[in-house]
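*Asks:* the amino acid sequence is not available; the structure is as follows:
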């Protein structure tokens, strides 16, 4: 791990680190916000943030305004990049496939399979690295936006016990039923739709063994609401399964980080309550 | 005026507008944040924000997190671009001259003179446009960062009565004494140093006819502190002139928007107290 940026922020420090990822086979960057409590030597729980299509580790740390809330609640924020990166890594000219579009799963198909293993990276390698380099507690939360909201929901559902809290902004809740997900899953997982279901939050809710409460914010003015996001499918699945869901439809809000910034305080407080509780 | 972006933000709306500027002779963009009170039809005072070198209208609106505070206090935020723009406009390959580096003055020298009139734009054309298109009160505040901090201080000092409040982050307080200012002033104003002094906050303090209190935040870890910013020169000038100055040196903070975001709430509150008072 090598630190490549550091900036004082709300009494804490926003840092960017890079490291050679064994899982992904490339160099990866991540944003790490250390709240004042962490700088004072206190072990803090970690909230992982997964970003959406086209994003790097920079979008969340520069635009979401989450640091003030993490400072207040004493949470470390970790924001990884959204895929493996580099000239030696497979890519696609489209914005919604390849680099910047890892979809938080382990690809099984060529040319993606050797490097596109974002599930293993986010769930295993990244927390091991973070917990080795920073003073953390054992509790982890996970959140994200759009493709990253899909990541947060599916990784929490697929790894019971790994996360103590989960939330999402504008998540792709049913990737098997919408164009973004269908395109990515066909490329990364192949044509076996049984494999696809294992990475679809709506499908996973029915068989979840852990009833982790979901907090989801969705803008009603989101340009992708009807075509790609479909939060009503998550609502229906949660109702059928008795899975606790707080779905907040926010009038007028779009898909941008202006939306995330407006409600990130509520999400950080939601995670803090779970991560810092007894 | 044509609206080119709009995003719900903290109960209000972040917009971007473009218009043909008669003063600058080119198309200009500006960010406009309308707080919930403005959307409800209430006339609100306007806080103008001037950005630093290389910035467009986007940096402040995406990174500073000012909207939450403007929403709370009922201020409109207006953030113009930092220079005239376009292929037909003079430019320089350096980041600190030409497009993105207007220095908030009216250039008198070729090739800059016809278009680089940012003082007239910010002080005259822009508020006239804003006050025509939005429901505003008669009170204006002005703030900015780095080159924009220089702009805020000098425009407030050069136009007594025009602004009811002023503040700055990491301002270039004495451009006639530092490389950024000396390079820009030589290019835009020529070699007559008498002209330069009229755009230097430290020089202007001595002859100010209005004792508008200055609020200035400066990071002690700012990479430009010793070479370009020199806030102690402003402190000395204010002490000599009896001009009210609150200079806050912030340990560890650098020159980035992480610094601005950490303290923008205090600045918005400072302006609100002056702009919304009786």
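*Replies:* In hand now; what should we look at? All of these numbers come straight from a predicted model, not from anything done at the bench.

*Asks:* that's a strand at residue A:210, yeah?
*Replies:* No. Using DSSP: H, G, I helix; E, B strand; the rest coil, the secondary structure at residue A:210 is coil, not a strand.

*Asks:* that one reaches residue A:161, doesn't it?
*Replies:* Yes. Applying Cβ atoms under 8 Å, one finds residue A:210 in contact with residue A:161, separated by 6.8 Å. The C-beta positions use only the backbone N, C-alpha and C, and glycine is treated the same way.

*Asks:* which one of those two is surrounded by more residues?
*Replies:* Counted by other Cβ atoms under 10 Å in any protein chain shown, residue A:210 and residue A:161 do not tie: residue A:210 has more neighbours, with 12 against 8.

*Asks:* and that one, how far from chain B?
*Replies:* From residue A:210 over to chain B the distance is 34 Å, taken as Cβ to the nearest Cβ, to the nearest Å.

*Asks:* who are the contact partners of that residue?
*Replies:* For residue A:210, the contact set (Cβ atoms under 8 Å, 6 or more residues apart in numbering or on different chains) comprises A:160, A:161.

*Asks:* quick check: closest non-adjacent residue to residue A:265.
*Replies:* Residue nearest to residue A:265 in three dimensions, not counting chain neighbours: residue A:69, with 4.8 Å by Cβ to Cβ, 6 or more residues apart in numbering or on different chains.

*Asks:* nope, residue A:257 is what I was after
*Replies:* Using Cβ to Cβ, 6+ apart, the nearest residue to residue A:257 is residue A:63, at 3.9 Å.

*Asks:* and the one you found, how many neighbours?
*Replies:* When neighbours are counted by other Cβ under 10 Å, residue A:63 registers 19.

*Asks:* where is the longest helix in chain A?
*Replies:* For chain A, the longest helix by residue count, based on DSSP state H, is helix A:257-275.

*Asks:* ok, back up a step: phi, psi of the residue nearest to residue A:265?
*Replies:* phi -80, psi -40 (degrees, to the nearest 10).

*Asks:* where's the closest residue to chain B within the stretch 51-200 of chain A, which helix or strand?
*Replies:* Ranked by Cβ to the nearest Cβ, the top residue of the stretch 51-200 of chain A for proximity to chain B is residue A:65, at 4.1 Å. Assigned by DSSP states H and E, residue A:65 falls within no helix or strand.

*Asks:* that one is in contact with residue B:62, isn't it?
*Replies:* No. In this structure, residue A:65 is not within contact of residue B:62 by Cβ under 8 Å, at 10.2 Å.

*Asks:* the two: which is more packed in?
*Replies:* residue A:65 (24 against 18).

*Asks:* per-residue pLDDT, the more buried one?
*Replies:* Predicted confidence (pLDDT) at residue A:65: the value is 98.

*Asks:* which non-adjacent residue is nearest it?
*Replies:* residue B:65 (4.1 Å).

*Asks:* and the one you found, backbone torsions?
*Replies:* Backbone torsions of residue B:65, given as degrees, to the nearest 10, read phi 60, psi 30.

*Asks:* how close does it sit to residue B:81?
*Replies:* From residue B:65 across to residue B:81, the span is 20 Å (Cβ to Cβ, to the nearest Å).

*Asks:* how about residue A:116?
*Replies:* 39 Å.

*Asks:* residue numbers of chain A in contact with chain B?
*Replies:* When proximity is defined as Cβ under 8 Å from any Cβ of the partner chain, chain A approaches chain B at A:7-11, A:13-14, A:62-63, A:65, A:67-68, A:219, A:221, A:250-254, A:256-259, A:261-262.

*Asks:* which of those fall within helices?
*Replies:* Using DSSP H, these in helices are A:62, A:63, A:67, A:68, A:257, A:258, A:259, A:261, A:262.

*Asks:* contacting residues for the closest residue to the first one other than its chain neighbours?
*Replies:* Read it as residue A:62. Among residues not flanking residue A:62 along the chain, residue B:63 sits closest, at 5.4 Å (Cβ to Cβ, 6+ apart). Shown in contact with residue B:63 (Cβ under 8 Å, 6+ apart): A:62, A:63, B:257, B:260, B:261.

*Asks:* same deal with residue A:35?
*Replies:* For residue A:35, the contacting residues are A:10, A:11, A:12, A:44, A:67, A:70, A:71, A:73, A:74, A:75, A:76, by Cβ under 8 Å, 6+ apart.

*Asks:* count the neighbours of the third one for me.
*Replies:* Right, the one you point to is residue A:12. Applying other Cβ under 10 Å, we find 25 residues neighbouring residue A:12.

*Asks:* from chain B, how far off is the nearest residue to residue A:231 once chain neighbours are set aside?
*Replies:* What sits nearest to residue A:231 in space, not counting adjacent residues and going by Cβ to Cβ, 6+ apart, is residue A:218, at 4.7 Å. Distance of residue A:218 to chain B, given as Cβ to the nearest Cβ: 13 Å.

*Asks:* next one, pLDDT for residue A:218 please.
*Replies:* Residue A:218 carries a pLDDT value of 98.
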